[in-house]
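Q: sequence first, then the predicted structure, then my questions.
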Amino acid sequence: MFVKNTWYVAAWSSEVHADRLFSRVLLDTPVLLWRDAQGQVRALEDRCCHRGAPLSRGRLEGDKVRCLYHGLLFAPDGQCIEVPAQDRIPPNARVRGYPVVETKQWVWIWMGDPELANPADIPDTYWLDDPAWRYREGYLHYNVNYLLVTDNLLDFSHLPYVHPNTVGGDESFARLRPTIENVKDGLRISRWHLSSPPAPFVRKVTDWTDPVDRWNIYDFLVPGILLMHSGSAPAGTGAPEGRFEQAVEFRSAQAVTPETANSCHYFFSQAHNFCIDDPKVTDVIHQVLIDAFNEDHAMIHAQQNNLALDPAFEMVPVGLDAALNRFRWMIDKRLEQERAAAAPVSARARPEAATLAS
Ligand code: FES
Ligand SMILES: [Fe+2]
């Protein structure tokens, strides 16, 4: 039910410590994260192979983890290396380990076939590590299927309705038709709102009252990663032609990671490259983001409550759904590919049967 062979964001780097065992459920699986003696993040299934107790209730012994139910000791790769009161280690006494890569303040995890994990496929969020940009780290937990959150992020026409006092603004924004293009593993969605009133959050960090040219250009990638360049500039100063000298610019990194079928994790940030020596500006931008994302949170949970009341409810599609429909199609295709690859040969299509029938 979840795409497995892809990189998911498991945590902000700052959430994983050297001296503490950190647990988070990802894709219906309890995962234990910690740092080894070299500071490298490690990930194991957080379920002891003995009787299923969480290893996160255990203790670190150097690089090893001891389950504090009956004392089995595990190496960082998940192999059990000690069983109290016996010399022989059962051959299947191990817990699953997962490839993890820590880069640019995010810890990425691969929950699928480890042979296919290629760190080069991790999306580049360079601004999270670049001293020219400032941001605060954000996280929200949702009790909804993660696709309701990705739907929301794939359709910014909701901004003026859900966020009139934060990141939204003039309702003409909702009447724009975004450009939607295919990119590797996702979509690029671009919106230019020319000569429009500055959005409420832009008015908080500038003294602008005259019209601006506003843009939101983002890649939305499988499994649920949003990478955005956005901003506003005084109207007619050349932003649409690539001249951003007078603009306020932002880079946003957001990631939705399923927890269970009915819950997910949402990591977010909005970096700015102006007033970088004024932490109050960073705080204001982050607070607006939190306020806005709490508005989404309230709306999406209310939507989920309604959907749960009537599982037969059928949505009426409209043009605004173009990007989210395309993204859901991409996810379905990936799920289908993984199902086909995992199916036993006898259950797959047999080419010789097709030949006989034709
Ligand atoms: S459940 Fe872990 S040692 Fe028994
Ligand atoms: Fe929103």
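A: Now that the structure is in, tell me what you want to look at. Numbers count the residues shown, from 1 in each chain. Ligands and ions are numbered 1, 2, ... in the order given.

Q: confirm residue 108 sits in a strand?
A: Yes. According to DSSP: H, G, I helix; E, B strand; the rest coil, residue 108 belongs to a strand.

Q: so it touches residue 120, yeah?
A: No. Using Cβ atoms under 8 Å, residue 108 is not in contact with residue 120, being 11.8 Å away. For every residue, glycine as well, the C-beta is placed using N, CA and C.

Q: comparing the two, which residue is more hemmed in?
A: Using other Cβ atoms under 10 Å as the criterion, residue 108 and residue 120 rank with residue 108 on top: 25 against 5.

Q: contacts only, for the more buried one.
A: Residues near residue 108 by Cβ atoms under 8 Å, 6 or more residues apart in numbering: 7-10, 100-102, 122.

Q: which of those residues fall in strands?
A: Using DSSP state E, 7-10, 100-102 are the members of the contacts of residue 108 that sit in strands.

Q: just give the nearest non-adjacent residue to residue 98, would you?
A: residue 43 (4.2 Å; Cβ to Cβ, 6 or more residues apart in numbering).

Q: give me the three-state assignment for the one you found.
A: Under three-state DSSP, the three-state class of residue 43 is strand.

Q: any figure for the gap between it and ligand 1?
A: The gap separating residue 43 from ligand 1 is 18 Å, by Cβ to the nearest ligand atom, to the nearest Å.

Q: what do you get for residue 218?
A: Residue 218 is 44 Å from ligand 1, where distance means Cβ to the nearest ligand atom.

Q: what mean pLDDT does the helix or strand hosting that residue get?
A: Assigned by DSSP states H and E, residue 218 belongs to strand 212-221. Across strand 212-221, pLDDT averages out at 97.

Q: quick one: secondary structure of residue 288?
A: Under three-state DSSP, residue 288 falls in the helix class.

Q: got the contact list for it?
A: By Cβ under 8 Å, 6+ apart, residue 288 lies in contact with 166-167, 200-201, 204.

Q: need those in a markdown table with neighbour count and secondary structure, can you?
A: As requested, the contacts of residue 288 are exported to a markdown table (neighbours: other Cβ atoms under 10 Å; DSSP: H, G, I helix; E, B strand; the rest coil):
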| residue | neighbour count | secondary structure |
| --- | --- | --- |
| 166 | 21 | coil |
| 167 | 24 | coil |
| 200 | 17 | helix |
| 201 | 25 | helix |
| 204 | 14 | helix |
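
Q: just list whatever residues bridge to the residue nearest to residue 135 when sequence neighbours are not counted.
A: Closest residue to residue 135 apart from its sequence neighbours, by Cβ to Cβ, 6+ apart: residue 271 at 3.8 Å. Using DSSP bridges, the beta-bridge partners of residue 271 come out as residue 251.

Q: what is the strand holding residue 218 packed up against?
A: Packing partners of strand 212-221 (3 or more Cβ pairs under 8 Å, 6 or more residues apart in numbering; DSSP states H and E): strand 186-196, strand 225-234.

Q: winner for burial among those?
A: strand 225-234 (a mean of 21; mean count of other Cβ atoms under 10 Å).

Q: run through who's touching that strand.
A: Applying Cβ under 8 Å, 6+ apart, the set of residues contacting strand 225-234 is 9, 123-125, 153, 186, 198-199, 202, 206, 208, 210-221, 239, 244, 246-256.

Q: hmm, which of the residues you listed are the buried ones?
A: The neighbour-count test (16 or more other Cβ atoms under 10 Å) applied to the contacts of strand 225-234 identifies 9, 123, 125, 153, 186, 198-199, 202, 206, 208, 211-221, 239, 244, 247-256 as buried.

Q: look up the closest residue to the spatially most central residue of the chain, ignoring the ones flanking it.
A: Nearest residue to the geometric centre of the chain (Cα atoms, centre = their mean): residue 255, 1.7 Å. In space, and not counting its chain neighbours, residue 255 is closest to residue 9: 3.8 Å by Cβ to Cβ, 6+ apart.

Q: what's across from that neighbour in the sheet?
A: Beta-bridge partners of residue 9, as defined by DSSP bridges: residue 108.

Q: show me where the chain has helices.
A: Along the chain, counting by DSSP state H, helices occupy 146-153, 159-162, 200-205, 279-309, 322-342, 351-357.

Q: of those helices, which is nearest residue 137?
A: Nearest to residue 137, of all those, is helix 279-309, at 8.7 Å by Cβ to Cβ.

Q: residues touching the closest residue to residue 37 other than its chain neighbours, list them.
A: Leaving out its chain neighbours, the residue that sits closest to residue 37 by Cβ to Cβ, 6+ apart is residue 63, at 5.4 Å. Neighbouring residues of residue 63 by Cβ under 8 Å, 6+ apart: 36-37, 75-76.

Q: residues in this structure within reach of ligand 1, list them.
A: Counting by Cβ under 6 Å from any ligand atom, the chain comes close to ligand 1 at 48, 50-51, 53, 67, 69-72.

Q: pick out the most distant pair among those.
A: Within these, 51 and 71 form the most distant pair, 11.8 Å apart (Cβ to Cβ).

Q: neighbour-wise, which of the two wins?
A: Just comparing residue 51 and residue 71: by other Cβ under 10 Å the higher neighbour count belongs to residue 71, 13 against 10.

Q: so that one touches residue 80, yeah?
A: No. With contact defined as Cβ under 8 Å, residue 71 does not reach residue 80; the gap is 10.8 Å.
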